[in-house]
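Visitor: just to be clear, the model below is a prediction. Sequence and coordinates:
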Amino acid sequence: MSKLLPPYYAVIFTSTLSHEKEGYEEMANKMEEIVQNQPGFLGMDSVRAQQGITISYWESLEAIDLWKYNEAHKKAKSLGKNKWYRTFDIKICKVLK
């Protein structure tokens, strides 16, 4: 990913997987593909293992909200909450430097 010029926003998603992993990798790859075309999306860094972290970068809080309510993303979040994640946390930060 090329260097981003501040200010921009970072959504930090951390998770611990449950024992149920069927379909997880496919859904994660699908979300990576879909988000590329989301307005205001700037890029992403991700490490997926038993404990994972994904940091996505956005132009604005409005762009983050649009992704939050994307139908495919809502389905993935529901499956994650009910099936794949034992724990998860989301933080939104404004990057100034």
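Guide: Great, that's in hand. Everything numeric here is computed off the predicted structure, so don't read it as measured data. Residues are numbered from 1 along each chain as shown.
Visitor: for stretch 13-24, buried residues please.
Guide: If you call a residue buried by 16 or more other C-beta atoms under 10 Å, then stretch 13-24 has these buried ones: 13, 15, 17, 24. Yep, even glycine has a C-beta here, placed from its N, CA and C like the rest.
Visitor: in a helix, Gly43, correct?
Guide: No. Counting by DSSP: H, G, I helix; E, B strand; the rest coil, Gly43 is not found in a helix; it is strand.
Visitor: start at 37 instead
Guide: Sure, I'll start numbering at 37, so the last one becomes Gly79.
Visitor: okay, now it: neighbour count?
Guide: 15 (other C-beta atoms under 10 Å).
Visitor: again with the one 3 residues further on
Guide: Neighbour count for Ser82, taken as other C-beta under 10 Å: 13.
Visitor: pLDDT score for it?
Guide: Looking at Ser82, its pLDDT is 93.
Visitor: which residues touch the longest helix anywhere in the chain?
Guide: Assignment by DSSP state H gives helix 60-71 as the longest helix of the chain. With contact meaning C-beta atoms under 8 Å, 6 or more residues apart in numbering, helix 60-71 is reached by 53, 77, 80, 82, 84, 92, 103, 106, 108-109, 112, 115-116, 120.
Visitor: what residues does stretch 74-85 touch?
Guide: With contacts defined as C-beta under 8 Å, 6+ apart, stretch 74-85 is touched by 37-38, 40, 44, 61, 64, 68, 71, 88-96, 98-100, 102-103, 106.
Visitor: now do it: distance from first to last residue.
Guide: Terminal residues of stretch 74-85 are spaced 25 Å apart (C-alpha to C-alpha, to the nearest Å).
Visitor: how far is that stretch from where the chain is centred?
Guide: In this view, stretch 74-85 has its centroid 6 Å away from the chain centroid, taken as C-alpha atoms, centre = their mean, to the nearest Å.
Visitor: buried ones in it, by neighbour count?
Guide: Across stretch 74-85, burial judged by 16+ other C-beta under 10 Å covers 76-78, 80.
Visitor: restricted to strands, list the buried residues of stretch 49-60.
Guide: Using DSSP state E, the subset of those located in strands is 49, 51, 53.
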